[in-house]
Every structure is written in C-alpha cells, then in structure tokens.
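J.: could you look at this predicted model? Sequence included:
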Amino acid sequence: MAIDLKGLSAAELEALAKEIELRKVEVENEAKKNAYAEMLAIAERHGVAFEEVIALHGGKGRKSSAKAAAKYTNPADPSQTWSGRGRKPGWVHEALKAGKSIEDLEI
C-alpha cells in the first residue's frame, strides 16, 4: 500500500499522522485482547484457571518498589534530597557549580 505523501499539505500530513497514531493504539489493544484470549484458552486446555497461573507467577522477576534512602540533601532546602542514583537534580548541579563538593552535600 503506497501513499503519495509528496502531494499532501502540512495540515493533511498532520491529520494523517494523528490517524496513524490512533490506529496504532487500536492495533496494540486488539493484539492484547487476542493474546489474553489465547492465554485463557491455553489455561482452560490444561484444566487450570488463568488467574491461578498469574497468581502463581505474579511475584517473580519484579523489582522491589522500595525507594533508595536519601544520601544527599540540599543545604538551602533540606526537604530536597537525592539518593545518588539516577540523574543529578538541579540543586546538585548548582551546588557543584558554586564550588561545593559532592561530599559537602552528604547527609
């Protein structure tokens, strides 16, 4: 299926792009529904409830949702903390630019 995009205006291209995004969401939802129906059929074929299978394997492979403890604090606003993981917050960058060391920010 070929669409000649060269003859389309910016507004027509934008409308087409929105239509494509909507269709992508529809296709993804259809795929999820089909996968769920297949999984139900497989569980039924084996004589088990699909919910039991999910409950049996639901906890494996998941990360802990516990937040990492704060390791650094903003001296100007102690309510702002950072665990040292992920991107540095803006206040850390500002403190480092102002001549402080990362050790100065430790709790």
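T.: Structure's in. What do you need? Numbering: from 1, shown residues only.

J.: only C-alpha atoms for contact and neighbour calcs from this point on.
T.: Will do.

J.: surely T73 and G84 touch.
T.: No - under the contact definition of Cα atoms under 8 Å, T73 does not touch G84, with a separation of 10.2 Å.

J.: who has more neighbours, those two?
T.: Per other Cα atoms under 10 Å, whichever of T73 and G84 has more neighbours is T73, with 19 against 15.

J.: centre of the chain versus the helix or strand containing the more buried one, how much separation?
T.: Assigned by DSSP states H and E, T73 belongs to strand 72-74. Mean C-alpha position of strand 72-74 versus that of the full chain (Cα atoms, centre = their mean, to the nearest Å) differs by 26 Å.

J.: tell me the mean pLDDT for it?
T.: For strand 72-74, mean pLDDT is 93.

J.: residues touching that strand, excluding its own?
T.: Contacts made with strand 72-74 from outside it, assessed by Cα atoms under 8 Å, 6 or more residues apart in numbering, are listed as S79, Q80, T81, W82, S83, G84, W91, V92, L105, E106, I107.

J.: show me where the protein has its helices.
T.: 10-45, 50-57, 90-97 (DSSP state H).

J.: how is the protein carved up into domains?
T.: Recorded structural domains for the chain (assignment: automatic domain parsing) are 10-57, 72-105.

J.: need those domains in JSON lines with distance to M1, can you?
T.: Compiled in JSON lines, the domains of the chain are given as follows (distance: least, Cα to Cα, whole Å):
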{"stretch": "domain 10-57", "distance to M1": "14"}
{"stretch": "domain 72-105", "distance to M1": "44"}
